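Asker: 3D model of this:
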Amino acid sequence: MQSAPYRREPYVRVELPDLGTVDAKVTRWTATRVLIRWVDESHDTRSAWVPVEWVTRIDRAESSWRDPYDLGGQAFVTRGL
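Answerer: Have a look, this model is predicted:
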């Protein structure tokens, strides 16, 4: 299992069967699963393990939700994601 550096997690867009499209950040991942974290419309923080096939990497500027605690830009590149 791999983890992204704290406050430099990459942004992704995920199609969830029950919630539709969400923009999120990746905190951990394996070869087959990705742990995503996002804030929903009620401002609640949510997380879920999803299949890697559901995940598409996006730039921070493309995300409909932006983590206010990010450090700098998205210079970090995640291997395998």
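
Asker: SS state for Val50?
Answerer: Using DSSP: H, G, I helix; E, B strand; the rest coil, the structure places Val50 in strand.

Asker: I meant to write Ala61 there.
Answerer: Criterion first, three-state DSSP; result for Ala61: helix.

Asker: Could you do Arg57 as well?
Answerer: strand.

Asker: Distance check, it against Lys25.
Answerer: Separation of Arg57 from Lys25 (CB to CB, to the nearest Å) stands at 11 Å. Where C-beta positions appear, they are placed from N, C-alpha and C, glycine not excepted.

Asker: In terms of packing, which of the two has more residues around it?
Answerer: Ranked by neighbour count (other CB atoms under 10 Å), Arg57 and Lys25 place Lys25 first, with 23 against 14.

Asker: Nearest spatial neighbour of that one, chain-adjacent residues omitted?
Answerer: Counting by CB to CB, 6 or more residues apart in numbering, Lys25 lies nearest to Glu9, which is 4.0 Å off, once chain neighbours are set aside.

Asker: quick revisit: please identify every residue contacting each of Arg57 and Lys25.
Answerer: Common contact partners of Arg57 and Lys25 (CB atoms under 8 Å, 6 or more residues apart in numbering): Pro10, Tyr11, Val12.

Asker: which residue ranges form the strands in the chain?
Answerer: Counting by DSSP state E, one finds strands in the chain at the ranges 2-3, 11-16, 20-29, 33-39, 45-51, 55-58.

Asker: I'd like those strands as TSV, with mean pLDDT and distance to Ser64 appended.
Answerer: Below are the strands of the chain laid out as TSV (pLDDT from 0 to 100; distance: least, CB to CB, whole Å):
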stretch	mean pLDDT	distance to Ser64
strand 2-3	86	24
strand 11-16	97	9
strand 20-29	95	5
strand 33-39	96	9
strand 45-51	97	14
strand 55-58	97	10
